[in-house]
Every structure is written in structure tokens, then in C-alpha cells.
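Undergrad: test case, fold it:
(one chain, ligands or ions: 2)
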Amino acid sequence: MSFHTRSPAILPSLLACDLAKLADEANRVAPTSEDYVHLDVMDGHFVPNLSWGAPVIKCLKPHSKAFFDVHLMVSEPAKWVKDMAEAGANMFTFHIEVMKDEQETRSLIQAIKAANMKCGIAVKPKTAVSTVFPFVDDLDLVLVMTVEPGFGGQAFMADMMPKVEELREKFPNLDVEVDGGIGPNNIDECAKAGANWIVAGSSVFKAKNPQEVIVSMKRSIEKHGNGKADADLTPLPA
Ligand SMILES: O=C(CO)[C@@H](O)[C@H](O)COP(=O)(O)O
Ligand SMILES: [Fe+2]
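TA: Ligands and ions are numbered 1, 2, ... in the order given. Model prediction:
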């Protein structure tokens, strides 16, 4: 059984940052141990793009206090459990589409937990969210993709919101993450549907003031009852 926090989190996706300054960029948007970064691992096979793997995450880890939310868009996630744990991943999220059966999924969840990482499962836009229902009791998070995985900077798919609503209705305390094309203009839609972990790449890194975008997006999550009562809202910076 996993403990679901339903706490509000904005997760800047480092795919959208200046990669030549990875550590500085991570600290610019996620300076404290209360903050999060989202790290997209792509293998050029499950998705038509390459990014980075455990060696880059391992190099970044000593320079960052943030929680490392690692999204594995790879065909063989089981291969990378040990390396990711050693690199310092805090959450290991794999795609349900690459699992051959329920048994394989259950043993991967077990391996991730045995390696002391939290475990999430992601679903692509064309995958029904019901595919993850049998595993939710053992998961820390479900990730609903709001773009086809593979690239940052794509347009948000609003038609994924019914999946978020379905998850939130069935699992009131589950941490539900959304990822792809999200920014201040559409976060309310995600939060209203019930998402409490929001990945944001381009909208954060292209902003003049990324911290302001993060704080205002966090307020949207809280405003819709995901995490804290209205009275506990974090004040916006002056
Ligand atoms: O997993 C992915 C893309 O496959 C994402 O994490 C994106 O990197 C988010 O970036 P934006 O869509 O917010 O620019
Ligand atoms: Fe991602």
C-alpha cells in the first residue's frame, strides 16, 4: 500500500531549460528541498527522441536539493531501476504501454520500491486510464500525459481531462500528475479536474519570472481543493 499525499506540486521540466547550465537552471526554479524537478528520460525507441539517462541525473544530484521526479519514456524501464536509484531519482515513473502483462508490472513496481524510490505509472493520450486501476493501491502516483510523449513545447490536449476526473473520483487521495503543454492559461482546467502534480516545462522556463509562474500555478491547484484549504494559500511575492 502506498501513501497518497494529494499535496500540491509544480514540477518544472528540465527538458525546457538551458541544458548547458543544468544545475544553475534547476536551482533557479527549484532551490529548496520543498521543491521538485521533472526529468524526462527518452530512449529514441519508445518515443522518437533522445534526452539523457542516469549519468546526467547522477551528476546533477549533488548540486540540487529538489525532489527528482523521473519520467521514463523508455521501452525497458526495468533495466534502469538500479541505475536510477543510484543516481538519486526520488520518483520512478514508467509507462504502462511497455508492460507485457500484469505480472511484469507488479514485479517492476516491487523492484522500484525495493530500491527505495517512489513509483508512478504514466498513460499516453490513447491509453485508457483504467489500465492502471489494478495497481493504484501500490502506486504513489499516476501520470496522465496531456501531449504525445517525446517533445516539450507541444499543445495541451484538453480532452485528457475526463481521465483525470475519473482517477480523482475513484481515488480521492491519489497523487495525480499531468504533463505536457501546461501553463497559467490552462492549469485551472487541470486542477479543476483533480490534478495536484503539474509538470510545466516551456511555460516556466520561457517566463521572465519563473518563480512567479510557479507560485501562481500552485495557487490554482490549491484553489481547486487539491492540497490545502483556501486559508492556507501561499501569498504571491510582492
Ligand atoms: O514528458 C514530456 C514530453 O514528453 C514533458 O515532461 C515535457 O517536457 C513538458 O514540457 P512542456 O510541454 O511543458 O513544454
Ligand atoms: Fe515528462
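
Undergrad: closest point of the protein to ligand 2, which residue?
TA: His71 (3.7 Å; C-beta to the ion). C-beta here means a position set from N, CA and C on the backbone, and glycine is covered the same way.

Undergrad: helix, strand or coil for that residue?
TA: Classification of His71 using DSSP: H, G, I helix; E, B strand; the rest coil returns strand.

Undergrad: touching, it and Val37? I think so.
TA: No - taking contacts as C-beta atoms under 8 Å, His71 lies outside contact range of Val37: 10.9 Å.

Undergrad: residue numbers of the chain in contact with ligand 2?
TA: The interface of the chain toward ligand 2, taken as C-beta under 5 Å from the ion, is made up of 40, 71, 179.

Undergrad: ranges for the helices of this structure?
TA: 22-29, 54-60, 81-87, 102-114, 161-170, 187-193, 202-205, 210-223 (DSSP state H).

Undergrad: of these, which approaches Lys126 most closely?
TA: Ranking those by proximity to Lys126 (C-beta to C-beta) places helix 161-170 first, at 11.0 Å.

Undergrad: run the chain-centre distance for that closest one.
TA: Distance, stretch centre to chain centre, for helix 161-170: 16 Å (C-alpha atoms, centre = their mean, to the nearest Å).

Undergrad: contacting residues for Leu11?
TA: With contact taken as C-beta atoms under 8 Å, 6 or more residues apart in numbering, Leu11 is in contact with 36-38, 69, 177, 197-200.

Undergrad: nearest residue to it in space, please, no chain neighbours.
TA: Distance criterion C-beta to C-beta, 6 or more residues apart in numbering; nearest residue to Leu11, sequence neighbours excluded, is His38 at 4.0 Å.

Undergrad: cool, Ala122 as well?
TA: Among residues not flanking Ala122 along the chain, Leu143 sits closest, at 3.8 Å (C-beta to C-beta, 6+ apart).

Undergrad: got a list of what the one you found touches?
TA: 71, 93, 120-123, 177-179, 197.

Undergrad: change it to 7 Å
TA: Neighbouring residues of Leu143 by C-beta atoms under 7 Å, 6 or more residues apart in numbering: 71, 93, 120, 122, 177, 179.

Undergrad: what is the neighbour count of the residue in the chain that ligand 1 sits nearest to?
TA: Distances between the chain and ligand 1 by C-beta to the nearest ligand atom are smallest at Gly201, namely 2.7 Å. Look at Gly201: counted by other C-beta atoms under 10 Å, it has 25 neighbours.

Undergrad: surely it is in contact with Gln154?
TA: No - Gly201 sits out of contact with Gln154 when judged by C-beta atoms under 7 Å, with a separation of 9.7 Å.

Undergrad: coming back round to it: burial measure for the residue nearest to Leu11, as a count.
TA: Going by other C-beta under 10 Å, the residues that sit close to His38 add up to 29.

Undergrad: could you do Pro172 as well?
TA: Residues lying near Pro172 (other C-beta under 10 Å) number 10.

Undergrad: so, low pLDDT: which residues of this structure?
TA: Along the chain, segments meeting pLDDT under 70 span 1-5, 227-238.

Undergrad: at 90 instead, please
TA: 1-7, 224-238 (pLDDT under 90).

Undergrad: which parts of it sit against ligand 1?
TA: For the chain, the residues in contact with ligand 1 (C-beta under 6 Å from any ligand atom) are 13, 15-16, 38, 40, 71, 73, 147, 149-154, 179-182, 199-203.

Undergrad: which of those count as buried?
TA: Listed as buried from the residues of the chain next to ligand 1 are 13, 15-16, 38, 40, 71, 73, 147, 149-152, 179-182, 199-203; burial here means 16 or more other C-beta atoms under 10 Å.
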